[in-house]
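Trainee: One predicted model, sequence on top.
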Amino acid sequence: MKKARKNSISKRQSDASPEGESLASFCQRGDYRKVLNQTVDAPTQKLPAPQLQWIVAALCFVGRAEEAAALFQKLDPKTRNVRIACRFFLGISEIRLGRYAQGRQHLMFNLKELRSAPDAASIFYIHQGLGFYRFFSGRILQAVRLARKAHDAATEEGLLYGRVLATDLLGHAYVQSGEVALGIKTLVRAREHAKTLGNGPISSSIENSLIEARARHGLFPAQSFEALVKRLQKLSSQDTYTESSLLLEFSRQQLLRGKISDARKSLDRASQVIYSTQNRRHEILLNLRYAHAVHRAGGSAQGLTYIRAARNLINPEIDRGFEIELLGMELLLAGSLGIHAQVEKLKDLLLLRSRRYSSGVNANILRRSGLVAVGTQQNSRLGMDPLADILDLIVSDRERGIDLALESGYFGLLPEALGWAPSEKGVVVELRPGTLTLVSGGEVHHDAGLTPLTRKILMELARGPQSKKDLIEKVWKYRYHPLRHDSIIYPAINTLRKQMGPFAFWITSSEQGYVFEAGVHWIFPKILPAVPAPSVEKPRIHDGEASSGLNLRQLKILRHLTTHEKLDVRTLCRFFSVSEITASRDLSLLHRMKLVTRFGKGRSTEYVRTDRVQYLLR
């Protein structure tokens, strides 16, 4: 190592010429054109031997890989450190272009040089190249180990450029492995290193990765979605790779929010970019997103055609992660179509492939496919991937999952959580107080401005056609007179239609009066024939056992638990004649206020008064 260190010092001294420094600094800052303008593209070609790796790097980064390969062939075999660096840049370039065998060959040649590497910089290039290949081919844990070794070598060499690349790779690998918080923290550090180096392109690329990772894993959902929108608006039209990558994630976020038609528009826009640049990996993701979109809209059979198109693009050696995602989606589609024989085959194949591939995404797919118990390898990481937690809770603890989906704005998850088929139409009144949720073909509209008046109108329309006379007498309790009361009804109906957003057309006028869309599944907190809707106003209760924020029913729940050991959702429904959603909402509120303690999971969940837990456990 002392010999390597001496070589490293002599190398830095040889780099100390103004011309040498400018080439290295230009390339490390991302100014590839300046490197080429001073060398291969200059009127008189200048090819300084000690700095040829930066010329090769610049050629690779601007898409002139063939010229870079030709220049590499002219290198003096004795300049081992330069050749190792050149093989690194050539290998990365070939892999990004989809020429995996050629890229792997360059990186494997470097591996043979590891034991006799002339300096720490060469060790960095060897480990970083192999780590990149391992990450690209889905061997995430190996990529983590190699990225750490690359970072150590770059630190020893004092190579900030190397620390940027190694930290960036390490952050991506952590995120992919399921260590989302650690991965994002590492990517933030990589971005700061890139800013210190002055490399705008790498800094911008890492910022894009951070935006995508936060959105993909449900960290700060509203802010992440807004960041995606702003990034797409500011993006240069020449940066087609980033544009297609962000659009693919943006369409996924729109699907999660129940905006199916908007997601399809984003995918159509992404397809124009992807097919023009022939990015194979993005094309796989594009087909996967289309399959997801048509499934949410009730087109599972069409979704299978997208999955099969994506499968034709798969390289089994390099695309292990994509293959797992496609198998998971195909399993979902086959299950929704009732193709049971295919479901069993896909489960076996998914388990087989999972033996050779491990990632956070893979673990999530196995859990939701029923191949691993919900909670396995998850409880220790609860909160690290909030979106995955919500998706798991919708399976294991539906009411809590609904609650978190509403908080996060993932309204597109509600149809599945409510047990509705993708093609079903539905209206849910007050999943939370003052909210109205409408669903049709996977498209979801959620409004938080429902008033007691519009709620009462909805209740009457749910019972069937209502004339103006009916509405005035049932909702307002007046004796109908057209000259007096039409001016009351029209604004109220218009307000309700505004609250219904894109589903405003579900209320139509006919000879019978106002008619609501037929074939709609209704869910109210409480609907009983010929019984008025319960008041949403909270009575003013003065009671020492609970705060004034509780309504009368919630106070009665607490009093019931004073004389009874426990209470579950089904029992509460019987005692108070409410729906399961209302019962779960009441118990969840009391749990959040720490007035009751929850035991068990799913339909076995039971609640006990918090101040009686110790007594009951004796």
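Mentor: Sure, I can see it.
Trainee: how many neighbours does the residue lying closest to residue 450 once chain neighbours are set aside have?
Mentor: Closest residue to residue 450 apart from its sequence neighbours, by CB to CB, 6 or more residues apart in numbering: residue 436 at 4.5 Å. From N, CA and C alone the C-beta is placed, and that goes for glycine too. Other residues within reach of residue 436 by the criterion other CB atoms under 10 Å amount to 24.
Trainee: in the stretch 501-618 of the chain, which spans are strands?
Mentor: Shown for the stretch 501-618 of the chain, the strands assigned by DSSP state E, counting those that start in this stretch span residues 507-510, 513-516, 520-523, 596-599, 606-609.
Trainee: Which helix or strand in this protein has the lowest average pLDDT?
Mentor: Every helix and strand in the chain was compared by mean pLDDT, DSSP states H and E; the lowest is helix 2-14, with a mean of 41.
Trainee: Please report the distance of residue 109 from residue 49.
Mentor: As defined by CB to CB, to the nearest Å, residue 109 lies at a distance of 20 Å from residue 49.
Trainee: more crowded one of these two?
Mentor: Neighbour totals were compared for residue 109 and residue 49, and residue 109 leads with 16 against 11 (other CB under 10 Å).
Trainee: quick one: that one and residue 87 touch, right?
Mentor: Yes: judged on CB atoms under 8 Å, residue 109 makes contact with residue 87 at a distance of 5.7 Å.
Trainee: and the gap between the residue most central in space within the chain and residue 225?
Mentor: Ranked by distance to the mean C-alpha position of the chain (CA atoms, centre = their mean), the top residue is residue 216 at 2.0 Å. Using CB to CB, we find residue 216 at a distance of 11 Å from residue 225.
Trainee: Write down the beta-bridge partners of the residue nearest to residue 450, one by one.
Mentor: Taking DSSP bridges as the rule, residue 436 bridges to residue 429, residue 447.
Trainee: Could you work out which of the strands of the stretch 501-618 of the chain reaches nearest to residue 400?
Mentor: Comparing the strands of the stretch 501-618 of the chain against residue 400 with CB to CB, the closest turns out to be strand 596-599 (8.9 Å).
Trainee: give me every residue that touches the nearest residue to residue 607 once chain neighbours are set aside.
Mentor: Spatial nearest neighbour of residue 607, excluding adjacent residues (CB to CB, 6+ apart): residue 596 at 4.5 Å. Contacts for residue 596 were tallied using CB atoms under 8 Å, 6 or more residues apart in numbering; they are 558, 561, 587, 590, 607-610.
Trainee: Tabulate those residues (TSV), appending distance to residue 281, pLDDT and neighbour count.
Mentor: Output for these, formatted as TSV (distance: CB to CB, whole Å; pLDDT from 0 to 100; neighbours: other CB atoms under 10 Å):
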residue	distance to residue 281	pLDDT	neighbour count
558	55	82	18
561	55	79	20
587	46	88	23
590	48	86	23
607	48	86	24
608	51	84	19
609	55	82	23
610	51	79	16
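Trainee: Name the nearest of those residues relative to residue 447.
Mentor: residue 587 (25.0 Å).
Trainee: Was I right to think that closest one contacts residue 558?
Mentor: No: taking contact to mean CB under 8 Å, the distance of 10.8 Å between residue 587 and residue 558 leaves them out of contact.
Trainee: and the helix or strand that residue 131 is a member of, average pLDDT?
Mentor: When secondary structure is defined using DSSP states H and E, the element that contains residue 131 is helix 120-136. Model confidence over helix 120-136 averages 95 on the pLDDT scale.
Trainee: Packing partners of the one helix or strand residue 93 maps to?
Mentor: Assigned by DSSP H and E, residue 93 belongs to helix 80-96. Helices and strands in packing contact with helix 80-96 are listed as helix 52-61, helix 65-73, helix 100-112, helix 120-136; criterion 3 or more CB pairs under 8 Å, 6 or more residues apart in numbering; DSSP states H and E.
Trainee: so where's this protein shaky on pLDDT?
Mentor: For the chain, the stretches with pLDDT under 70 are 1-21, 237-238, 356-383, 525-549, 562-563, 612-618.
Trainee: Could you rerun that using 50?
Mentor: Scanning the chain for pLDDT under 50 picks out 1-20, 374-380, 526-548, 615-618.
Trainee: between the contacts of residue 596, which is nearest residue 290?
Mentor: Distance to residue 290, by CB to CB, is smallest for residue 587 among the contacts of residue 596, at 39.8 Å.
Trainee: quick one: the closest one from residue 394, how far?
Mentor: Between residue 587 and residue 394 the computed distance is 18 Å (CB to CB).
Trainee: one step back: across the sheet, point out what pairs with the residue nearest to residue 607.
Mentor: Applying DSSP bridges to residue 596 gives these bridge partners: residue 609.
Trainee: What separation do you get for it and residue 164?
Mentor: The separation that residue 596 has from residue 164, given CB to CB, amounts to 51 Å.
Trainee: cool, and residue 156?
Mentor: Here the criterion is CB to CB. By it, residue 156 lies 15 Å from residue 164.
Trainee: Counting neighbours, go ahead and name the busier of these two.
Mentor: In this view residue 156 and residue 164 are compared by other CB under 10 Å, and residue 164 has more residues nearby, 26 against 18.
Trainee: I figured the more buried one hits residue 192, correct?
Mentor: No: applying CB under 8 Å, one finds residue 164 not in contact with residue 192, separated by 9.4 Å.
Trainee: Next up, the contacts around the closest residue to residue 144 other than its chain neighbours.
Mentor: Ranked by CB to CB, 6+ apart and with sequence neighbours excluded, the top spatial neighbour of residue 144 is residue 173, at 4.6 Å. When the contact criterion is CB under 8 Å, 6+ apart, the partners of residue 173 are 131, 135, 140, 143-144, 147, 183.
Trainee: In strands only, show me those residues.
Mentor: Here DSSP state E is the test, and those give no hits in strands at all.
Trainee: List just the nearest of these to residue 568.
Mentor: Compare each of these with residue 568 using CB to CB and the shortest gap goes to residue 183, at 39.1 Å.
Trainee: ok, now how distant is residue 72 from residue 89?
Mentor: Relative to residue 89, and taking CB to CB, residue 72 is found at 9 Å.
Trainee: more neighbours, those two?
Mentor: For residue 72 against residue 89, the residue with the higher neighbour count under other CB under 10 Å is residue 89, and the figures read 25 against 20.
Trainee: So for the more buried one, what's the nearest residue that isn't a sequence neighbour?
Mentor: Leaving out its chain neighbours, the residue that sits closest to residue 89 by CB to CB, 6+ apart is residue 57, at 4.3 Å.
Trainee: Mind jotting down where the helices sit in the stretch 251-400 of the chain?
Mentor: Counting by DSSP state H, counting those that start in this stretch, one finds helices in the stretch 251-400 of the chain at the ranges 260-277, 280-296, 300-311, 320-336, 340-354, 360-368, 386-396, 398-408.
Trainee: sorry, back to before: residues in contact with the residue nearest to residue 89?
Mentor: When the contact criterion is CB under 8 Å, 6+ apart, the partners of residue 57 are 27, 32, 35, 68, 85-86, 89.
Trainee: for residue 303, same thing?
Mentor: Contact analysis of residue 303 by CB under 8 Å, 6+ apart lists 290-292, 294-295, 329, 333.
Trainee: Can you say which of those are buried?
Mentor: 290-292, 294-295, 329, 333 (16 or more other CB atoms under 10 Å).
Trainee: what's the nearest residue to residue 127 if we skip its chain neighbours?
Mentor: Excluding the flanking residues, the one nearest residue 127 by CB to CB, 6+ apart is residue 150, at 3.9 Å.
Trainee: Correct me if wrong: the one you found contacts residue 122.
Mentor: No: with contact defined as CB under 8 Å, residue 150 and residue 122 do not form a contacting pair (11.2 Å).
Trainee: Residue 559 - how many residues pack around it?
Mentor: Residue 559, neighbours per other CB under 10 Å, totals 14.
Trainee: so how far is residue 567 from it?
Mentor: Counting by CB to CB, the gap from residue 559 to residue 567 is 11 Å.
Trainee: Likewise for residue 213?
Mentor: Going from residue 213 to residue 567 by CB to CB gives 41 Å.
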